[in-house]
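>>> with the input below, show me the fold.
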Amino acid sequence: MDINIVVIDDNQKMQEDSLIWSLEDRFGKGNVHFFLTPKDGLVFIKENLQKNIIVLLDINFPEDQIDGHKALEEITGMSKLIPVILWSAIDENKEKFSDFINNHAFGFISKTATIEEAIQIIDKAVKFLEFSIDNVIEDWIIDKNEDKDKPVYITSDGSSYSLNDILREIRQQSEVGKEFTKKFNELTIDLIIRNKENLNE
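Residues are numbered from 1 along each chain as shown. The predicted model follows:
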């Protein structure tokens, strides 16, 4: 799986942090993107929603910029399937983390953490992207060559959705997205059990 790491931190010196080097070695230098402002990071995420993204997000930014709380809210507004890991020098015991939890922050890495400690949390985010059913369905939709704007799914109330619509609903974790995921899973399991499809390595 091709993983893109988005780092949002206003301290330019952090671009030379040993964690960034480790991530570039692991995921490829071209797949690690550093942004000094939340605005620029959010623009990149919005324009690359079709990619598998993990975000490392600082919390405190200058007063003329949005802070980490607001940036996390905007990222989860775009997609709840993007793991956002807070990366900060603050003491997590002193910071108010309730809204980070409510907005589905994936984890916390202290800037004083060792490379091994940081990579452990990032590995959990990678596994989330690899094994989350929702992300698997996303990848399946993206890889399809069919017309993605053609209606393919009709709900009980008569609303129709194209593959692009479904992709958006899954990313937003809406009721329609959750229902499609449920039915997709049920159908797949049914086909496997009835031996109409095989799981191949």
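
>>> does the residue most central in space within the chain count as helix, strand or coil?
With the centre of the chain defined as its mean C-alpha position, the nearest residue by CA atoms, centre = their mean is residue 82, 1.2 Å away. The three-state assignment at residue 82 reads coil, by DSSP: H, G, I helix; E, B strand; the rest coil.

>>> surely it and residue 71 touch.
No. Using CB atoms under 8 Å, residue 82 and residue 71 do not qualify as a contacting pair, with a distance of 11.7 Å. From N, CA and C alone the C-beta is placed, and that goes for glycine too.

>>> and residue 45, what's its pLDDT?
pLDDT for residue 45: 95.

>>> so who does it touch?
Residue 45 makes contact with 6, 53, 55, 75, 78, 82, according to CB atoms under 8 Å, 6 or more residues apart in numbering.

>>> got the phi and psi for the residue nearest to the centre of the chain?
Residue 82 adopts backbone torsions of phi -100, psi 120, taken as degrees, to the nearest 10.

>>> mind checking how far it is from residue 166?
Note on residue 82: its distance to residue 166, by CB to CB, to the nearest Å, is 18 Å.

>>> could you do residue 137 as well?
8 Å.

>>> identify the contacts common to the two.
With CB under 8 Å, 6+ apart, residue 137 and residue 166 have common neighbours residue 180.

>>> next, count neighbours for the closest residue to residue 119 other than its chain neighbours.
Nearest residue to residue 119, sequence neighbours excluded (CB to CB, 6 or more residues apart in numbering): residue 22, at 6.8 Å. Neighbourhood size, residue 22 [other CB atoms under 10 Å]: 16.

>>> in the helix or strand harbouring residue 22, what's buried?
Residue 22 is part of helix 18-27, with elements assigned from DSSP states H and E. Neighbour counts over helix 18-27 (16 or more other CB atoms under 10 Å) mark 19, 20, 22, 23, 27 as buried.

>>> residue 109: neighbour count?
Counted with other CB under 10 Å, residue 109 comes out at 20.

>>> residue 118 is in contact with that one, correct?
Yes. When contacts are counted by CB under 8 Å, residue 109 is listed as touching residue 118 (4.8 Å).

>>> which neighbours do the two share?
residue 19.
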